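> how would this look folded up:
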Amino acid sequence: MFDTMTFTKIMGGLCGTFLVFLLGKWAAEEIYHVGGGHGGEHEAAYVIEVDEGEGGGEEEEEAVTLASLYSEADVGAGERVFGKCKACHQAEDGANGVGPHLYGVVGRDVGSVDGFSYSGALSEAADVWTPENLYAFLENPSGYAPGTSMSYNGLSKPEDRANVIAFLDQTDGDMTEVAAEEGAEETASAEEGAEEGSTEEGSEEEATEEASAEEGSEEEATEEASAEEGSEEEGTEEAAAEEGSDEEATEEASAEEGSEEGSEEATEEASEEGSDESGSEEQASEESSGGEGSAFAELVAAADVGDGERAFRKCAACHKAEEEANGVGPHLVGVVGRDQASVEGFNYSDALAGLGGQWTPDELNAWLEDPKGYAPGNKMAYRGVRDEEERAALVKYLESTGG
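Residues are numbered from 1 along each chain as shown. Okay, here's the model as predicted:
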């Protein structure tokens, strides 16, 4: 039976237990307590010194923009990425599949392919397929145009989207430039302004130094002029004394000139005829070989290698210009001035193999403008570069690869 003594023992045991814990807590506080306030005012028992200059906070990740990616996009990589799209789309003109063809899609109006039934969602999302709109659409098609019939989930990697847009951009022969964002443009303009200011200060200092130098040179010129006056007077007297002898010599020379004029005229006519013939031969040889005198060669000389390197992105899917390695097409290292169809290990079509000429700038210009028209029957499927200045820049870049 439960009695008072048993209850007292139980309560005494519980109180004793709590007392032991309480005494242990007080002892621990006395041993490990280091003082300080409460809450936010409490001081740490052990402080670890950290250099705030290095890694004081999390580094902000640089925002990846289409402009920065598109300038370095790889057309060849974009063609490989496009393999994911081939189940529904074709990159050839007029060949619709499950989805519309994507030939020349960059810069094309949204929902404008004839013979394809679009959903209304795309036309509501955008008007033109600019690189920026394609970049956003390919990241999340359903999120960009809710209600679209395209079931593809999208490309998560920004590099893949930029590469595939670059590949689609070159299908019609024209590449679209992506403008930098406003923030980057403002930063660039501010840097240019600072550089112009420092340049102007330097030019002002140089102008001041030049002005002081000119003052000194003017003083020296004045002294030299006064010294020259005396020498001129002496020279005048000597010239007057020599006039008599000069007149006699002149009369003798005029008598001799009469006899020599006939022979000199004949000699000059013969030399002029020879120079005219050689000049016409040189001009004919230059025109036939597409030399320096051609109008296109002048465009090439004035072109920018960087523009040509960017234009070469269209060709990078099939050709290499950095190393002598053949791809779908022959390598283009040192192609300017090279014999046509002369790369070892590449199987040329009969249309090119039968040309037998050289790839001069003018020949490359004609080839790049219309490959099919230049060599009917060749295997190159590219339609050509329409802009002459772009062709000149491309040839300029290919010239630089020859070392």
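> mind listing the helices for the stretch 1-150 of the chain?
All helices of the stretch 1-150 of the chain, identified by DSSP state H, counting those that start in this stretch, fall at 4-32, 66-70, 75-81, 120-125, 131-139, 141-144.
> if you count contacts, what does the fourth one end up packed against?
Here helix 120-125 touches no other helix or strand, going by 3 or more Cβ pairs under 8 Å, 6 or more residues apart in numbering; DSSP states H and E. The C-beta positions use only the backbone N, C-alpha and C, and glycine is treated the same way.
> mind running it again at 10 Å?
When contacts are defined as 3 or more Cβ pairs under 10 Å, 6 or more residues apart in numbering; DSSP states H and E, helix 120-125 packs onto helix 131-139, helix 141-144.
> between the helices of the stretch 1-150 of the chain, which one is nearest to Gly356?
Using Cβ to Cβ as the measure, helix 75-81 is the one of the helices of the stretch 1-150 of the chain that comes nearest Gly356, at 30.9 Å.
> that closest one - what's its average pLDDT?
Averaging pLDDT along helix 75-81 yields 89.
> pull the CA atoms of it into CSV?
What follows is the C-alpha trace of helix 75-81 in CSV, where atoms were taken according to Å, rounded to 0.1, in the frame of the first residue of the first chain:
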residue,chain,number,x,y,z
VAL,A,75,28.9,27.4,-84.8
GLY,A,76,30.2,23.9,-84.8
ALA,A,77,29.1,23.3,-81.3
GLY,A,78,25.8,24.9,-82.1
GLU,A,79,25.3,22.4,-84.9
ARG,A,80,25.9,19.6,-82.5
VAL,A,81,23.4,21.1,-80.1
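> so what secondary structure elements neighbour that helix?
Partner elements for helix 75-81 (3+ Cβ pairs under 10 Å, 6+ apart): helix 158-169.
> report the buried residues of the helix it packs on.
If you call a residue buried by 16 or more other Cβ atoms under 10 Å, then helix 158-169 has these buried ones: 158-169.
> show me which of these is closest to Gly373.
Minimum distance to Gly373 across the buried residues of helix 158-169 is 23.6 Å, recorded for Asp169 (Cβ to Cβ).
> can you pull the contacts of the residue nearest to the closest one when sequence neighbours are not counted?
Leaving aside its sequence neighbours, Asp169 sits nearest to Val106 (Cβ to Cβ, 6 or more residues apart in numbering; 4.2 Å). By Cβ atoms under 10 Å, 6 or more residues apart in numbering, the contact list for Val106 reads 128-131, 133-134, 165-172, 174-176.
> drop anything exposed from the residues you listed.
Burial by neighbour count, 16+ other Cβ under 10 Å: within the contacts of Val106 this picks out 129-131, 133-134, 165-172, 175.
> okay if I get those as a markdown table plus pLDDT?
Formatted as a markdown table, the buried ones among the contacts of Val106 follow (pLDDT from 0 to 100):
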| residue | pLDDT |
| --- | --- |
| Trp129 | 87 |
| Thr130 | 90 |
| Pro131 | 88 |
| Asn133 | 89 |
| Leu134 | 90 |
| Ile165 | 91 |
| Ala166 | 88 |
| Phe167 | 89 |
| Leu168 | 89 |
| Asp169 | 85 |
| Gln170 | 85 |
| Thr171 | 82 |
| Asp172 | 75 |
| Met175 | 69 |
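> from these, pick the one nearest Phe82.
Of all the buried ones among the contacts of Val106, Phe167 has the smallest distance to Phe82: 5.7 Å, by Cβ to Cβ.
> going along the chain, name the helices of the stretch 301-403 of the chain.
With DSSP H, counting those that start in this stretch as the criterion, the stretch 301-403 of the chain has helices at 305-311, 350-353, 361-369, 371-374, 388-400.
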